[in-house]
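Q: Show me the folded form of this:
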Amino acid sequence: MKLTTLSIAAAVLLSSSAFAAQPGFFAGVNAGYGDTHYPSISAPLSTKTTGVAYGLNGGYNFTNYFGVEANANRDANVKIKHAGQTLATYKYYDADLLANGYLNVADNFDLVGKAGMAYVKTSKYTQVSKNSFYRPKAVVGVMYTLADDNVSVSATYSRIFKQGNVASVKYVPNVDVAAISVDYLF
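A: This is a model prediction of the structure:
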């Protein structure tokens, strides 16, 4: 009985005629809210790890189910403060290459999963200090293609996975971003 139910559900999902993901090139912008998860610092210092994140993206969908994508993003800053004054600011950027998978669940509506590598660059202002590292990145979300089939809107949650501990020069915290993307499909 379970196998029959799963077979029927799979047939319905795969037979839908209006996929959100269309084969071909796409390009767009994204904006949202991020958290760099930099560890808390004990009093009298404090940290602020959340803020606006935004970026540009482009890619190519080979089929309605699979594509590739590249992104260039500005992630949330980390600010270390004392008595309301900022002592140091760490800025986070990432450029990534992702494989995209799409599962159509209704007309013009897909579940989206993405995975790949991000090149994370950090810079500390108040000193000349810059680091860059490759880290795994994963994204989950939903995508809806508007009726004209040339514009899609996505809501996603992404994570760049951390490396090391805060005392290490190679430290990268988890970087999370909840974003809305608008893409034009060529």
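Q: Spatially nearest residue to residue 67, not counting backbone neighbours?
A: Take residue 67 and drop its neighbours on the chain: the residue closest to it by C-beta to C-beta, 6 or more residues apart in numbering is residue 61, 3.5 Å away. Every residue, glycine included, has its C-beta placed from N, CA and C.
Q: show me the contacts for the one you found.
A: 21-24, 26, 67, 100, 102 (C-beta atoms under 8 Å, 6 or more residues apart in numbering).
Q: So residue 157 versus residue 175, what's the distance?
A: Plainly put, residue 157 is 12 Å away from residue 175 if you go by C-beta to C-beta, to the nearest Å.
Q: brain fart, residue 159
A: Taking C-beta to C-beta, one finds residue 159 at 7 Å from residue 175.
Q: repeat for residue 119
A: The separation that residue 119 has from residue 175, given C-beta to C-beta, amounts to 12 Å.
Q: What of residue 148?
A: Distance of residue 148 to residue 175, computed by C-beta to C-beta: 34 Å.
Q: out of these two, which sits in the more crowded spot?
A: Between residue 148 and residue 175, counted using other C-beta atoms under 10 Å, residue 175 has the larger neighbour count: 27 against 7.
Q: So residue 124 sits against residue 92, correct?
A: No - with contacts counted by C-beta atoms under 8 Å, residue 124 stays clear of residue 92, the gap being 10.7 Å.
Q: What is the neighbour count of residue 49?
A: As a burial measure, residue 49 scores 21 neighbours (other C-beta under 10 Å).
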